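Q: got a sequence here, can you build the structure:
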Amino acid sequence: MRPSLRTLPLRVLAILTLPLGAQGTPKVPVDLSSEMDDILNTDQIGAASKHVQDVASAPADVVVLRSSELKALGYRTLGDALGGVLGFRSNQDHAYQGLASAGVYALGDQNTRVLVLLDGHALNSPAEVGSSKVGEDFGLPLELVDHIEVVRGPASSLYGNNAFQALVNVVSLTAAASGQRPFQAAATAGTGGLSELWAQQTLTLGGVTGSLMLSGFQRTGTAQLYPQLQAEPLGASADREERQSAYLYVKGPQWSFAGSLLSRTQRLASAPYQSLPGDPDNHYRNRRMSGEFKWEPVTENVHWMVRMFGDKNEFDDQFIAAADQSRSADSDPDRSLGAELQGRASLGEHFTLTFGTEQQFHRYNGVYLADGVEINTDVAYSVGNSYMEGNWQPSAAWNVVAGVQRADWRPTQIRNSNNGTAQNQDKVSISRLTPRLSVIFKPGSADVVKFIYGQGFRFPTIFEEYYTDGATQFANTALKPEVLTSEQVSWSRKWSPQFSSHGAVMFYRAEHAISALSSDDAQQFQNAPDPLKGTAAEAELAWHRGGTEVTGGAGWYDWTYQGRELANTSRWLAVFRAIQRAGDWTLAGEARYVAGRQNTDPVTGAVLTTVPANWTLRASLRREWGWGWGQVSLEDLTNSRRRDLVAVEYAPVTWMEGDGRAVNATLGVRF
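A: Numbers count the residues shown, from 1 in each chain. Model prediction:
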């Protein structure tokens, strides 16, 4: 009898947990047991409080994805890896990989509500509405990542804007000072014409370690069928994507420098904004250039950190209109310089104080061209962020962390013009005071209980607040920042050296949520008059013994607005993972469940579109040699082709289907 789709994930996981072969006890790599012990006990993270501490003491609900997990499961993108964290899921619209947190994702959001860091440097782009990139546009191969730190819940009390629903810090191997071979390189080929080449060279000289990574990626695409646009499938070339990236990291005894370059282009078979389906000129392009110098001197009782950084983010697009084949184009560059000063002082035996201030200065120059019309948006602005956090530990069992942060968004110049005709906008400064309080209780060596109160905020983006064409899009300088208040209780317990559990309950209240309201072909962003309310409960289990590791968890999420279910909310999410290591071989599998979602009318609450629940399976087989590695990964093993809701700019398309089963093969060398 053929197994049902409901039971298939459990059958696959049961098979994957069996020992490989019939050779008795598997051969376990020397460092595996100690790494697993670290995960359960003393994993070190730096994102929760802007200094390194163990997970149990971090004043947040934290998840750490280790290098061994990332490699075993063969994730290709950051979004894929984060989708394996309970409460997160990706949302694919064949342009960007969206990221849901706590079960909810606002359609059309470009991840502006999750702050993504690479070695502590923010990647959210002001040039494209504060977005963070977690797909191929992230740029760093996950093979070169030491670990990923995920803070579930708001972190604005230290990081300010965009650390609204969650914070993600990706730590590279070089930044973590992990053991690396001087040279690594890999080639990947997969379905859909996927190909990637990357290489990393590492040098150590006189206590200074430097690493340079170069990468090139392309995907010729897969045929896409959108019945709402045309009856015949669009050719694979209409879905083409390519990316080039470079990352340099140099680390000295008390200092480091990081620099990155990235260019990514995605053709748009999905024909947003009523463009001509399948036209090769329809595209999005993102470019990023950044540099950061960090110095960390230590004086008596104070650990200092000085950070100076600069970024250039540029987004551009081009569309061919379906109605008359006219051409339109956008260019949105943002250039910025900034600096941060932080100190961490020990004031007595039981109290530590972290304090700091950060200032950024931005210049944005947006240009829109269509049908002989040129619209310019020129904004100069600064962003300030000052914070203070105290950590009081009166005993080994108790730890209290309290902090507050003040953020300021100050425009110094706002200049709009339509074909040279100026349209004045009010310069409105925005300030926000954000508190944080955590109480951590460790009644014994096996338990950690955390009570966490925090807030997150997101300033209106330039596009939301200041962009206008005087005809269809109108500015709204009266927009207030979004504010998310979160209350969490979590309990982690280590039942035995092999078995542990984690549970959490969260309550959310989001005020002044920003969304676009349309009427009579005119659009303006406005704050929601009533709060969004959310409740979540999560439970996770982890078991490991020798070379076998099994984890699983499920979460329930309830989000409402004006008493109605919030659009695109997954009521249930679940993740199950099994990894079996035997000598030089690693076999891994993962099953993800996403409940059905619906899109609703923002005014009436009427259901407009629904997509069904879905199980997605992946499997990966990896072999290590002294000179390198080989890996074969299968995504969407059962060809379930999960459907995701998409934003209004894709109308009449309301949902899109995944590419289905895919196979990727990688061969890497290191010496």
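Q: ok, which stretches of the stretch 401-550 of the chain are strands?
A: For the stretch 401-550 of the chain, the strands defined by DSSP state E, counting those that start in this stretch occupy 421-423, 430-444, 447-458, 473-474, 482-494, 499-511, 514-519, 522-527, 532-545, 548-561.
Q: quick one: which of these is nearest Glu358?
A: Evaluated with C-beta to C-beta, these place strand 430-444 nearest to Glu358, the distance being 13.7 Å. For every residue, glycine as well, the C-beta is placed using N, CA and C.
Q: other SSEs contacting that closest one?
A: On a contact count with 3 or more C-beta pairs under 8 Å, 6 or more residues apart in numbering; DSSP states H and E, strand 430-444 meets helix 156-159, strand 398-418, strand 447-458.
Q: residues in contact with that strand?
A: Here strand 430-444 makes contact (C-beta atoms under 8 Å, 6 or more residues apart in numbering) with 56-57, 59-60, 156-158, 160, 389, 396-409, 448-457, 459-460, 480-481, 483.
Q: identify the neighbouring strands of that strand in the sheet and state each direction.
A: Using DSSP bridges, the strands paired with strand 430-444 are strand 398-418 (antiparallel), strand 447-458 (antiparallel).
Q: do you know which of those strands lies nearest Tyr466?
A: Smallest distance to Tyr466 across these (C-beta to C-beta): 6.0 Å, for strand 398-418.
Q: let's see the closest one as CSV, backbone CA atoms only.
A: Presented in CSV, the C-alpha positions along strand 398-418 are these (Å, rounded to 0.1, in the frame of the first residue of the first chain):
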residue,chain,number,x,y,z
TRP,A,398,19.6,34.6,39.2
ASN,A,399,20.5,37.0,36.5
VAL,A,400,18.7,40.3,35.8
VAL,A,401,19.2,42.3,32.6
ALA,A,402,17.6,45.7,32.0
GLY,A,403,18.3,48.2,29.3
VAL,A,404,17.0,51.1,27.4
GLN,A,405,17.7,52.6,24.0
ARG,A,406,16.9,55.9,22.3
ALA,A,407,16.8,56.1,18.5
ASP,A,408,16.4,59.2,16.3
TRP,A,409,15.7,59.5,12.5
ARG,A,410,16.4,63.1,11.4
PRO,A,411,16.0,64.3,7.8
THR,A,412,18.2,67.3,6.9
GLN,A,413,17.1,67.6,3.3
ILE,A,414,14.0,66.4,1.4
ARG,A,415,13.7,67.4,-2.2
ASN,A,416,11.0,65.9,-4.6
SER,A,417,10.6,66.9,-8.2
ASN,A,418,8.3,65.8,-11.0
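Q: rewinding a little: could you dump the helices and strands packed on strand 430-444 to CSV with mean neighbour count, mean pLDDT and distance to Asp426?
A: Converted to CSV, those look like this (neighbours: other C-beta atoms under 10 Å; pLDDT from 0 to 100; distance: least, C-beta to C-beta, whole Å):
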stretch, mean neighbour count, mean pLDDT, distance to Asp426
helix 156-159, 26, 87, 25
strand 398-418, 18, 92, 8
strand 447-458, 22, 94, 20
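Q: winner for burial among the strands of the stretch 401-550 of the chain?
A: Ranked by mean neighbour count under mean count of other C-beta atoms under 10 Å, the strands of the stretch 401-550 of the chain are led by strand 447-458, which reaches a mean of 22.
Q: that one versus strand 514-519: what angle between them?
A: For strand 447-458 against strand 514-519, the angle by axes from the mean of the first three to the mean of the last three C-alpha atoms, to 10 degrees is 40 degrees.
Q: quick one: strand 447-458 to chain centroid distance?
A: Centroid separation between strand 447-458 and its chain, computed with C-alpha atoms, centre = their mean, to the nearest Å, is 19 Å.
Q: ok, back up a step: so for Ala72, which of the strands of the stretch 401-550 of the chain sits nearest?
A: Here strand 548-561 is closest among these (C-beta to C-beta), at 8.5 Å.
Q: can you list contacts of the helix or strand following that closest one?
A: For strand 548-561, the following helix or strand on the C-terminal side (DSSP states H and E) is strand 564-565. Identification of contacts with strand 564-565 by C-beta under 8 Å, 6+ apart yields Asp558, Trp559, Gln598, Thr600, Gly605.
Q: one more pass at 10 Å, please.
A: Residues outside strand 564-565 that contact it (C-beta atoms under 10 Å, 6 or more residues apart in numbering) are Asp558, Trp559, Arg571, Arg597, Gln598, Thr600, Asp601, Thr604, Gly605, Ala606, Val607.
Q: wait, which of these is closest to Gln165?
A: Of all the contacts of strand 564-565, Gln165 sits closest to Trp559, with 11.4 Å by C-beta to C-beta.
Q: residues contacting the closest one?
A: 102-104, 508, 510, 532-536, 565-571.
Q: poorly predicted segments of the stretch 401-550 of the chain, please.
A: For the stretch 401-550 of the chain, the stretches with pLDDT under 70 are 519-520.
Q: swap in 90 and give it another go.
A: 415-428, 445, 459-475, 477, 515-523 (pLDDT under 90).
Q: same thing with the stretch 551-671 of the chain?
A: 600-606, 648-649.
Q: and the strands in it, which stretches?
A: 564-565, 572-582, 585-594, 597-600, 607-611, 614-625, 628-635, 643-645, 655-657, 662-670.
Q: how far off centre is stretch 406-414?
A: Offset of stretch 406-414 from its chain centre (C-alpha atoms, centre = their mean): 26 Å.
Q: which of the helices and strands packed on strand 430-444 sits closest to Ala187?
A: helix 156-159 (36.6 Å).
Q: next secondary structure after the closest one?
A: Heading C-terminal from helix 156-159, the first helix or strand you meet, by DSSP H and E, is strand 166-172.
Q: so what strands line up beside that following strand?
A: Strands that pair with strand 166-172, judged by DSSP bridges, come out as strand 114-118 (parallel), strand 145-152 (antiparallel).
Q: which residues in the stretch 251-400 of the chain form strands?
A: Using DSSP E, counting those that start in this stretch, the strands of the stretch 251-400 of the chain run over 255-267, 283-295, 298-299, 302-320, 327-346, 351-370, 373-392, 398-418.
Q: how far away from the center of its chain is the fourth one?
A: Read it as strand 302-320. Chain-centre distance of strand 302-320: 16 Å, with C-alpha atoms, centre = their mean.
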